[in-house]
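> Model the following, please.
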Amino acid sequence: MKNLQTFEEFLNESINEKMDTKYWIGYHDQGMSYAADEFKIKSKDFEDTFDEAVSDWNAEADGPENRIKGASLKKIEKMAMEFFKIEKWISVNVIQAMIMQES
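Numbering: from 1, shown residues only. Predicted coordinates:
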């Protein structure tokens, strides 16, 4: 009998593979047309930048069901941290692009 993998195990395995940071850098470089200039800053402070990105996202969310929280928040944080570890910087644009793809 084949051993089936849980969805969480699949996600963790996918995150543990080397991230294609060029994909996310494209979101940073291109930026979002409505994004404030400060969201394009390459930050070396992961925690503050992550908190700012999530706070801004949740403040702008159209209803509580569109806020990022719980397991989704933890997954985004892991992805963003992986990006940060590889590139040594993070931006609100990158984090919000990750959130947008999870929403």
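
> what does the helix or strand containing Ala97 rub up against?
Element membership for Ala97 (DSSP states H and E) is helix 92-102. Helix 92-102 is contacted by residues 24-25, 27-28, 31-32, 35, 38-41, 49-50, 52-54, 56-57, 68, 72, 75-76, 79-80, 83 when judged by C-beta atoms under 8 Å, 6 or more residues apart in numbering. C-beta: built from backbone N, CA, C; applies to glycine.

> Which of those are buried? Put it as a PyMOL command.
Only the buried entries of those go into this PyMOL selection, using 16 or more other C-beta atoms under 10 Å:
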select buried, resi 24+25+27+28+31+35+39+40+49+50+52+53+54+56+57+68+75+76+79+80+83
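
> got the CA positions of the longest helix seen in the chain in CSV?
For the chain, the longest helix by residue count, based on DSSP state H, is helix 70-87. Output in CSV follows, covering the C-alpha atoms of helix 70-87 (Å, rounded to 0.1, in the frame of the first residue of the first chain):
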residue,chain,number,x,y,z
GLY,A,70,-3.7,31.3,11.3
ALA,A,71,-2.1,28.6,9.2
SER,A,72,-2.0,30.8,6.1
LEU,A,73,-0.1,33.4,8.1
LYS,A,74,2.4,30.8,9.3
LYS,A,75,2.9,29.5,5.7
ILE,A,76,3.5,33.0,4.4
GLU,A,77,6.0,33.7,7.2
LYS,A,78,7.9,30.5,6.4
MET,A,79,8.1,31.4,2.7
ALA,A,80,9.1,35.0,3.4
MET,A,81,11.8,33.8,5.9
GLU,A,82,13.2,31.4,3.3
PHE,A,83,13.4,34.3,0.8
PHE,A,84,15.1,36.4,3.4
LYS,A,85,17.6,33.8,4.3
ILE,A,86,18.6,33.4,0.6
GLU,A,87,18.5,37.1,-0.5
